[in-house]
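1. I would like the atomic coordinates for the input below:
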Amino acid sequence: MHKLAKELKEINNSFTDVKQIRTSVIIHWLKQNGLRKAQYLTGHKYISSTERYQQDDLESLHETINNFHPLR
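-> Take a look at the predicted model:
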């Protein structure tokens, strides 16, 4: 894993660690499959564990703010 992380860092300077990949995959599953299926795919016992990744989806939050902000 260390070698993979080092190679990814050389390709993309914004890469920080392997956890970042897992987070990206879970956010993708949430967008594609919804909360319950993403919970199943991740193996989370509690739905709240999967819900935390919804809050990390900054792209979606940014889009929502741009669409519904009263000053836009």
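2. Could you pick out the longest helix of the protein?
-> helix 18-33 (DSSP state H).
3. So which elements touch that one?
-> helix 35-42, helix 47-55 (3 or more Cβ pairs under 8 Å, 6 or more residues apart in numbering; DSSP states H and E). For the C-beta atoms, the positions are set from N, CA and C on the backbone; glycine is no exception.
4. what residue lies at the spatial centre of this structure?
-> Ile27 (3.2 Å; Cα atoms, centre = their mean).
5. List the buried residues for the lowest-mean-pLDDT helix or strand in the chain?
-> Within the chain, no helix or strand scores below helix 58-68, which has a mean of 80 by mean pLDDT, DSSP states H and E. Judged by neighbour count (16 or more other Cβ atoms under 10 Å), helix 58-68 contains no buried residues.
6. Going forward, the N-terminal residue is numbered 325.
-> Sure, I'll start counting at 325 from here, so that last one is helix 382-392.
7. Tell me which of the helices and strands packed on helix 342-357 sits nearest to Lys327.
-> Nearest to Lys327 among the helices and strands packed on helix 342-357 is helix 359-366; the distance by Cβ to Cβ comes to 25.1 Å.
8. what's the angle between that closest one and helix 342-357?
-> 140 degrees (axes from the mean of the first three to the mean of the last three Cα atoms, to 10 degrees).
9. Sounds good, over and out.
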